[in-house]
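> prediction below, plus the sequence it came from.
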Amino acid sequence: MPDWRPARSCCPYCGQWSVGHSCGLCMRGTVFIDWEQFVMACNACHGSWPAAGSSTVCAYCRQPYQVEYSDSAVVVEAEDQVVATDGDIVYVLKQGVLVVVHRRHYPGLGSW
Ligand SMILES: [Zn+2]
Ligand SMILES: [Zn+2]
């Protein structure tokens, strides 16, 4: 079952949310991510592309940052910084890359 959700990211530098990424193909749609297959798609032009390794520029502080998407395989280490959480999705700054982790596979993990 695809698990489509609106793609969001949280700037690791200033903490501002970027909600409703606009589509780079048609410039008018909203981008969704499927957490089953790590695919992103636009709800207007229906284009889709792999979610891996996208980069973005913060609309607030203009810092570029790279975004990786992962399921629960990522290990959060002591030097990593949890930037934000959004339900079962956790945003971790890991060596300068914002890693967005879907942690539904660890229901018993508790809060990080
Ligand atoms: Zn920022
Ligand atoms: Zn589009």
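Looks like it came in fine. Residues are numbered from 1 along each chain as shown. Ligands and ions are numbered 1, 2, ... in the order given.
> residues in contact with Arg5?
Phe32, Ile33, Trp35, Ile89 (Cβ atoms under 8 Å, 6 or more residues apart in numbering). The way it works is simple: take the backbone N, C-alpha and C, and place the C-beta from them, glycine included.
> between these, which is nearest ligand 2?
Using Cβ to the ion, Phe32 is the member of the contacts of Arg5 that lies nearest ligand 2, at 10.6 Å.
> surely that closest one touches Val39?
No - Phe32 is beyond contact range of Val39, at 9.1 Å (criterion: Cβ atoms under 8 Å).
> re earlier: can you pick the most crowded of the contacts of Arg5?
Counting neighbours by other Cβ atoms under 10 Å, Ile33 leads those with 23 neighbours.
> other SSEs contacting the helix or strand harbouring that one?
In the assignment (DSSP states H and E), Ile33 maps to strand 31-34. Other helices and strands packing on strand 31-34, by 3 or more Cβ pairs under 8 Å, 6 or more residues apart in numbering; DSSP states H and E, are strand 4-6, strand 39-42.
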